[in-house]
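Engineer: Got a sequence here, can you model it:
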Amino acid sequence: MDTKEKIIELLGSLIHPETGEDLVKSGFVEQVNASDEHISVALHFAKARDPFAFKLKAQAEALLREAFPAATVTVMLREGTPRKPQQQEHRTTTGAIRHVVAVASGKGGVGKSTVTANLAVALRNMGYRVGVLDADIYGPSQPRMFGVEGYLPNAVQEDGIDQIVPARAQDIELMSIGFFIKPTDALLWRGAMAVNALRQMIHQTRWGELDFLLTDLPPGTGDIHLSIIGELKIDAAVIVSTPQQVAVADVVRGVELFRNPQVNIPVAGIIENMAWFTPEELPDNRYYLFGKGGARRYAEQNGVDFLGEIPIVQSIMECSEEGRPAAGIDPRVEKWYRDIAGRIVEKVRK
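Structural biologist: Model (predicted):
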């Protein structure tokens with residue numbers, strides 16, 4: 001990759017908050033000049049006072065200065081209608097995926113990755129071909145959930161395309177950034193590097209034919225979410241919460257991200273995780289450790305479907321630690337997740 005190509009790749013990681021597209025695809029990058037000593041970029045904005053222009057200019061300068069510390073970097077702003085670049089053939093391995101479902105949460109610590117893994121197993125149990133994309137770049141949990149932490153992906157070439165072979169566990173295709181780093185390493189990546197790694201995992205993984213690809217998104221909202229939205233045709237989003245109000249308050253941001261007109265992805269519904277605690281020795285007892293029904297109430301009051309409740313059960317924790325999602329072992333857990341998975345399938349197929 002020459003210097004100009006690298007510059008364009010870096011600028012392609014910057015998302016315009018209003019359009020939801022990156023600067024290159026949107027045609028905002030008008031001109032790129034590069035030498036060993038000087039780099040200049042011209043960005044064209046349709047609005048004379050685009051509220052995001054100076055922020056994007058600063059982000060572009062920071063990215064380029066980090067990537068080319070020996071060069072003088074200049075980013076210029078110009079007014080005018082952005083020109084869409086000529087469309088090029090987009091080579092991707094996602095063509096045989098029928099449905100993509102994003103699993104998101106407003107905050108961390110609500111068990112989103114555990115829910116994703118068990119939903120994948122429940123869908124498999126229903127006869128579907130399933131894959132999981134662990135898009136939680138800074139906290140990949142799926143390798144541990146499926147017991148494949150030591151997996152090292154191979155690369156193969158099919159139809160002239162280099163493809164990454166995903167892990168296969170529980171008859172589920174799995175790709176995660178966790179396969180490319182040591183479990184003890186801190187992932188010190190800026191947004192652009194994370195976004196580029198995510199694009200590669202999406203478009204170069206040998207997914208094969210899948211009925212459902214579940215994407216385990218990072219908590220909150222940010223660059224990774226916008227990148228996933230820009231790279232995959234997502235059929236529906238599922239929001240995971242716990243019952244207490246501090247978690248439900250963050251659900252609002254997750255729901256509004258997907259409801260935003262620039263995103264416009266249907267929200268299939270909300271799952272209330274850790275809804276109650278049932279001790280093994282008292283299977284009929286319920287203890288509401290984090291409050292009761294907060295996510296259900298939010299869903300009812302805001303026109304969002306409620307998909308179901310998942311309690312705190314010891315087997316869910318133990319099976320996750322052992323790399324075997326409980327929905328594949330414990331009939332009680334499997335029923336809870338199968339009911340929710342069935343509702344998601346209905347939403348996606350409408």
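Engineer: buried stuff in the lengthiest helix in the chain?
Structural biologist: Across the chain, the helix with the greatest residue count (assigned by DSSP state H) is helix 331-349. Applying a neighbour-count criterion of 16 or more other C-beta atoms under 10 Å, the buried positions in helix 331-349 are Val333, Glu334, Trp336, Tyr337, Arg338, Ile340, Ala341, Arg343, Ile344, Val345, Lys347, Val348. Heads up, the C-betas are built off the backbone N, CA and C, glycines and all.
Engineer: same thing with stretch 165-175?
Structural biologist: Within stretch 165-175, the residues that count as buried by 16+ other C-beta under 10 Å are Pro166, Ala167, Ala169, Gln170, Ile172, Glu173, Leu174, Met175.
Engineer: do stretch 28-37 as well
Structural biologist: Buried, per 16+ other C-beta under 10 Å, within stretch 28-37: Phe28, Val29, Val32, Ala34.
Engineer: what about the helix or strand the third one falls within, distance to the chain center?
Structural biologist: If I follow you right, that is Val32. Assigned by DSSP states H and E, Val32 belongs to strand 29-34. Put simply, strand 29-34 sits 30 Å off its chain's centre (C-alpha atoms, centre = their mean, to the nearest Å).
Engineer: And stretch 238-246, end to end?
Structural biologist: For stretch 238-246, the first-to-last residue distance is 19 Å (C-alpha to C-alpha, to the nearest Å).
Engineer: Sorry, slip of the keys, the one I care about is stretch 154-161.
Structural biologist: Length of stretch 154-161, first residue to last, C-alpha to C-alpha: 14 Å.
Engineer: Mean confidence (pLDDT) on it, please.
Structural biologist: Model confidence over stretch 154-161, given as mean pLDDT, is 80.
Engineer: Could you do stretch 311-327 as well?
Structural biologist: In this model, stretch 311-327 has an average pLDDT of 85.
Engineer: List the buried residues of it.
Structural biologist: Neighbour count says stretch 311-327 has Pro311, Ile312, Val313, Ile316, Cys319, Ser320, Gly323, Arg324, Pro325, Ala326, Ala327 buried, by 16+ other C-beta under 10 Å.
Engineer: Extract the CA atoms of it and return them as CSV.
Structural biologist: What follows is stretch 311-327 as a C-alpha-only set of coordinates in CSV (Å, rounded to 0.1, in the frame of the first residue of the first chain):
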residue,chain,number,x,y,z
PRO,A,311,-32.9,-14.8,35.2
ILE,A,312,-29.7,-15.3,37.0
VAL,A,313,-29.1,-19.1,37.1
GLN,A,314,-26.0,-20.7,38.2
SER,A,315,-25.7,-22.9,35.1
ILE,A,316,-25.5,-19.8,32.9
MET,A,317,-22.4,-18.5,34.7
GLU,A,318,-20.8,-21.9,35.0
CYS,A,319,-21.3,-22.9,31.4
SER,A,320,-19.9,-19.5,30.2
GLU,A,321,-16.8,-20.1,32.2
GLU,A,322,-16.5,-23.6,30.7
GLY,A,323,-16.9,-22.4,27.2
ARG,A,324,-20.3,-24.1,26.7
PRO,A,325,-23.3,-21.7,26.4
ALA,A,326,-26.0,-22.9,28.8
ALA,A,327,-28.7,-22.9,26.2
